[in-house]
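# Output the structure for:
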Amino acid sequence: MKPAITIYTDGACRGNPGDGGWGALLISGANEKSICGGEKDTTNNRMELLAVIKALEIIKQTSEIKIYTDSTYVQKGITEWIHTWKRNHWKNSSKKIIKNIDLWQRLDELASGHVIEWLWVKGHAGHDGNEKADQLANQGVDNLLKGL
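Coordinates of the predicted model:
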């Protein structure tokens with residue numbers, strides 16, 4: 001298995017829904033890679049999910065990964081709620097298709113190829129990796145608004 005990778009992710013939205021951005025910092029040994037992007041008319045939860053998805057899409061080999069997110073929606077969704085959703089054909093307790101099903105299914109597919117520890121970190125609390133991911137997510141929104 002490839003050496004351990006640490007990923008910090010975050011999403012941002014100006015208005016919810018509104019213009020959004022996602023960002024991720026990937027660290028493997030001495031190597032770091034920062035990625036970000038944005039979307040119009042989106043939600044914060046979609047951006048939180050997209051940050052993790054875009055980070056995992058970069059990793060081509062099965063790897064041991066630690067993912068830090070300040071989103072309980074992402075952390076609990078992928079470690080707890082997803083099992084029930086899948087058993088219930090991607091429906092919630094109200095028998096309705098879950099929100100962001102497209103992203104949850106993509107994340108489930110990507111995550112299944114790795115050994116991942118999903119860690120929640122308090123946002124805006126001075127955690128270096130999370131602060132960098134937040135900056136990247138906001139850069140994603142800024143780039144979107146500038147037309148980059």
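# Format the CA atom coordinates belonging to stretch 66-81 as PDB.
C-alpha atoms of stretch 66-81 as PDB (Å, rounded to 0.1, in the frame of the first residue of the first chain):
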ATOM      1  CA  LYS A  66      -6.500  10.500   7.000                       C
ATOM      2  CA  ILE A  67      -9.200  13.000   6.000                       C
ATOM      3  CA  TYR A  68      -9.800  16.000   8.200                       C
ATOM      4  CA  THR A  69     -13.100  17.900   7.700                       C
ATOM      5  CA  ASP A  70     -14.900  20.500   9.800                       C
ATOM      6  CA  SER A  71     -18.200  19.200   8.300                       C
ATOM      7  CA  THR A  72     -20.200  16.800  10.500                       C
ATOM      8  CA  TYR A  73     -22.400  16.300   7.500                       C
ATOM      9  CA  VAL A  74     -19.400  14.800   5.600                       C
ATOM     10  CA  GLN A  75     -17.900  13.000   8.500                       C
ATOM     11  CA  LYS A  76     -21.000  11.400   9.900                       C
ATOM     12  CA  GLY A  77     -22.500  10.900   6.500                       C
ATOM     13  CA  ILE A  78     -19.700   8.700   5.200                       C
ATOM     14  CA  THR A  79     -19.000   6.900   8.500                       C
ATOM     15  CA  GLU A  80     -22.500   6.400   9.900                       C
ATOM     16  CA  TRP A  81     -25.500   7.500   7.800                       C
END
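# Run through the neighbouring helices and strands of the strand or helix carrying Q139.
Using DSSP states H and E, Q139 maps to helix 128-146. When contacts are defined as 3 or more CB pairs under 8 Å, 6 or more residues apart in numbering; DSSP states H and E, helix 128-146 packs onto strand 2-15, strand 18-28, strand 31-42, helix 44-58, strand 63-69. From N, CA and C alone the C-beta is placed, and that goes for glycine too.
# need these in CSV with distance to A111 and mean neighbour count, can you?
Output for the helices and strands packed on helix 128-146, formatted as CSV (distance: least, CB to CB, whole Å; neighbours: other CB atoms under 10 Å):
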stretch, distance to A111, mean neighbour count
strand 2-15, 11, 22
strand 18-28, 14, 24
strand 31-42, 17, 16
helix 44-58, 7, 23
strand 63-69, 9, 20
